[in-house]
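**Student:** Build me a model from this:
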Amino acid sequence: MRPELTKDISFESFQDYYWLKAELSAFCRNNKISPSGSKKDLQERIEYYLKTGMKFGNHNRNIAVKKLNKSEKSISLEKQILENYKNDKFHREFFKSVIGKRFKFNVPFMNWMKSNSNKTYQQAVDEWLRIEVEKKSGEKYKIAPQFEYNQYTRDFFRANSTKNRKDAIICWKYKKSLPGTNKYEISDLVALRKS
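**Tutor:** Okay, the predicted model is just below:
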């Protein structure tokens, strides 16, 4: 049975189970740990806390995140991407104004933006266009490790082309309730017989 995510959970149990970002954020808030950042950031902070008992707000980060004031909220192709970049409505509108209505955030592009501060928005536009060409060629982009559900469903459909999304979700819910890996395995199909 999956344990509750409280300060009493063991480090090993924490690592054995899949946790939603909302659960990780709630744990951080309840324990006065910074609840901001990516899912990976939150997992690192919680692991650090469970190992050491110390609260390290921005573990492994020495970057002071500053809020943009209204006068700084202007973008041009020549401007550099800031370290505290967010995939928000403001940026979506900018990219739509440059690329057109077909612009949508996608995982490879969002990851690129977050890991390429100090590059220009022109370089970002070029990267989005490159990713679009790659997608149209049928190549599958690499899924970042924190997106376990996306990787699971991709692997599920690769192995089970006749199954549907509902089947994948049933198997995923079964898988994440178990300790250990969250990678798809053929034995996960047992969940379909139980439902």
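
**Student:** Any regions of the protein where pLDDT drops low?
**Tutor:** 56-73, 138-141 (pLDDT under 70).

**Student:** the domain parsing of it - what is it?
**Tutor:** The chain resolves into domains spanning 1-62, 70-136, 148-194 when parsed by automatic domain parsing.

**Student:** Could you check how far the last one is from the centre of its chain?
**Tutor:** Shown here is domain 148-194, whose average C-alpha point lies 19 Å from the average C-alpha point of the whole chain (C-alpha atoms, centre = their mean, to the nearest Å).

**Student:** related to what we said a few turns ago, closest one to Lys142 among the domains of the chain?
**Tutor:** Closest approach to Lys142 among those (C-beta to C-beta): domain 70-136, 7.8 Å. No exception for glycine: its C-beta is placed from N, CA and C like everyone else's.

**Student:** just checking, what packs against the one helix or strand Val133 maps to?
**Tutor:** Applying DSSP states H and E as the criterion places Val133 in helix 121-136. Other elements packing on helix 121-136 under the criterion 3 or more C-beta pairs under 8 Å, 6 or more residues apart in numbering; DSSP states H and E are helix 89-99, helix 107-114.

**Student:** Contacts for that helix next, please.
**Tutor:** For helix 121-136, contacts defined as C-beta atoms under 8 Å, 6 or more residues apart in numbering pick out 75-81, 94-95, 98-99, 103, 106, 108-109, 112-113, 116, 141.
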